[in-house]
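Colleague: take a look and give me a structure for this.
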Amino acid sequence: MIGNIFMCLNESTYNSNIPFELEGDYARKVYDEEGNLTEVLDTTFKEVCEDNRIKFGSVIELNIDDVNYFVIELNASWLNGGVSALLDLGSGWSYPNNCLMSNQEAMELINANQSELEE
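Modeller: The predicted structure follows:
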């Protein structure tokens, strides 16, 4: 594990664009022939996870009370506002929707729902 942040995203957020504060590290980009950046593309959390699968591993999909969740790993900075932007995604939601977690907390959530993963 390389990342410093674990999140449990609901399906809507997982399929939505990442916050602006994460675009520098994770957005898909277009470059011209000289290597100059020409466009920053809208990028979803799902696409970020696909692009970074080798670095962070596979997304763990959970179904809790017939609701789909996605446990992901990222590397986010407090200094650049990434962590704050991720925290904001959970504002007003109940656990485990868009919840930031430590490695231990993520493992506990996954283990508590392991039987549902195997079905």
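
Colleague: ok, so what distance separates the nearest residue to residue 19 once chain neighbours are set aside from residue 18?
Modeller: Leaving out its chain neighbours, the residue that sits closest to residue 19 by CB to CB, 6 or more residues apart in numbering is residue 85, at 3.7 Å. Bear in mind the C-beta positions are built from the backbone N, C-alpha and C, glycine included. Going from residue 85 to residue 18 by CB to CB, to the nearest Å gives 8 Å.

Colleague: residue 76 too?
Modeller: Residue 76 is 10 Å from residue 18, where distance means CB to CB.

Colleague: what residues sit buried inside whichever strand or helix holds residue 62?
Modeller: Residue 62 is part of strand 60-64 when elements are defined by DSSP states H and E. Judged by neighbour count using 16 or more other CB atoms under 10 Å, the buried positions of strand 60-64 are 60, 62.

Colleague: can you tell me what sits against it?
Modeller: 8, 68-71, 96, 109-110, 113, 116-117 (CB atoms under 8 Å, 6 or more residues apart in numbering).

Colleague: do stretch 89-96 as well
Modeller: Here stretch 89-96 has contacts from 7-10, 13, 19, 64, 69, 97-100, 109, using CB under 8 Å, 6+ apart.

Colleague: from those residues, which land in helices?
Modeller: 13, 109 (DSSP state H).

Colleague: residue 25: which of the contacts of stretch 89-96 is nearest?
Modeller: Ranked by distance to residue 25 (CB to CB), these are led by residue 19 at 11.1 Å.

Colleague: from residue 74, how far out is residue 63?
Modeller: Distance of residue 63 to residue 74, given as CB to CB: 22 Å.

Colleague: go on, residue 80?
Modeller: Per CB to CB, residue 80 is found 13 Å from residue 74.

Colleague: who does residue 17 bridge with?
Modeller: Note on residue 17: beta-bridge partners residue 44, judged by DSSP bridges.
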